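Asker: take a look and give me a structure for this.
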Amino acid sequence: MKVTIPHMGNVYLAAKALFDGLGVDYVIPPPNTRTALEIGSVHSPEEICLPFKILLGNYIQAIEKGADTIIITGSCGPCRFGEYSEMHMKLLKRLGYEVDFIVIDAPKSIGLKELMARISRLTSQSPRTRMQKWRALVQAVRIMGLLDAIEAKAHEKAGYEKVQGTCRNMLYECRLEAYGCDTPEKMLECLHDYNRMMDEVPCDRSANPLRVAIIGEIYTVIEPFSNLYIEDKLMNLGVSTKRLMTPSWWI
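Answerer: Here you go, the predicted model:
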């Protein structure tokens, strides 16, 4: 088994930590670009939404790197996202790709027993003990929370920082360094360091920057490629931004 996940913001970092902690083989798709969108668009229904096309592009890129199992979450609301896995399965099969899907859905939708059965399909491939598996899961959730906290601080402080670009550059370096960590423990240590450094960024709280709330459809809000990197562009302009939708909030 070689697992993969689609991109959505910083989720790939928490997923990497989880897979490293479990000791399972995995592939992280290339970062979202026009290439992923074009691949997904070629094979998707024309009228389907943007996230569907990008995710399909992620899957095909990962499959070409050896992935044979796709992990995706289900949907708790009225969005068609809940049908993505079924539609993606049929499209990939039609294209000649033989892959398995592990859909992690809400217990209230599929029942706790079924949820645990689906999770066990992933953890059964892990050489770790039961306690180590739980530890890896807890660490991944903590990592997701830390990433969202660091990102939120960077976006808010961008309007107050004394040296413009400090928060943006630190956020970029944080993601890069975190991705280079080969264990959840190292990634947690890295993120705690950056969280502390972000707290210490010199700011002028007497400033009165433009403050913008980022709202909208959850995938488009969280995944920067799909919103044309609006948060990065606003940081470059010295605008302070805030969004309530984050992967850890969704979890």
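Asker: show me the strands in the stretch 51-200 of the chain, by range?
Answerer: 69-73, 100-104 (DSSP state E, counting those that start in this stretch).
Asker: Ala207 is nearest to which of those?
Answerer: strand 69-73 (39.0 Å; Cβ to Cβ). (Each C-beta comes from the backbone N, C-alpha and C, glycine too.)
Asker: can you list contacts of the closest one?
Answerer: Around strand 69-73, the neighbours that count as contacts under Cβ atoms under 8 Å, 6 or more residues apart in numbering are 1-6, 15, 55, 59, 62, 84-85, 88, 99-105, 122.
Asker: ok, now with 6 Å
Answerer: Met1, Val3, Thr4, Ile5, Tyr59, Ser85, Val99, Asp100, Phe101, Ile102, Val103, Ile104 (Cβ atoms under 6 Å, 6 or more residues apart in numbering).
Asker: what's around the fifth one, how many residues?
Answerer: Okay, so that is Tyr59. Counted with other Cβ atoms under 10 Å, the neighbours of Tyr59 add up to 26.
Asker: per-residue pLDDT, the closest residue to it other than its chain neighbours?
Answerer: Closest residue to Tyr59 apart from its sequence neighbours, by Cβ to Cβ, 6 or more residues apart in numbering: Ile70 at 5.8 Å. pLDDT, Ile70: 96.
Asker: what's the neighbour count on Ile70?
Answerer: Ile70: 24 neighbours (other Cβ under 10 Å).
Asker: kindly report the same for Ile251.
Answerer: 13.
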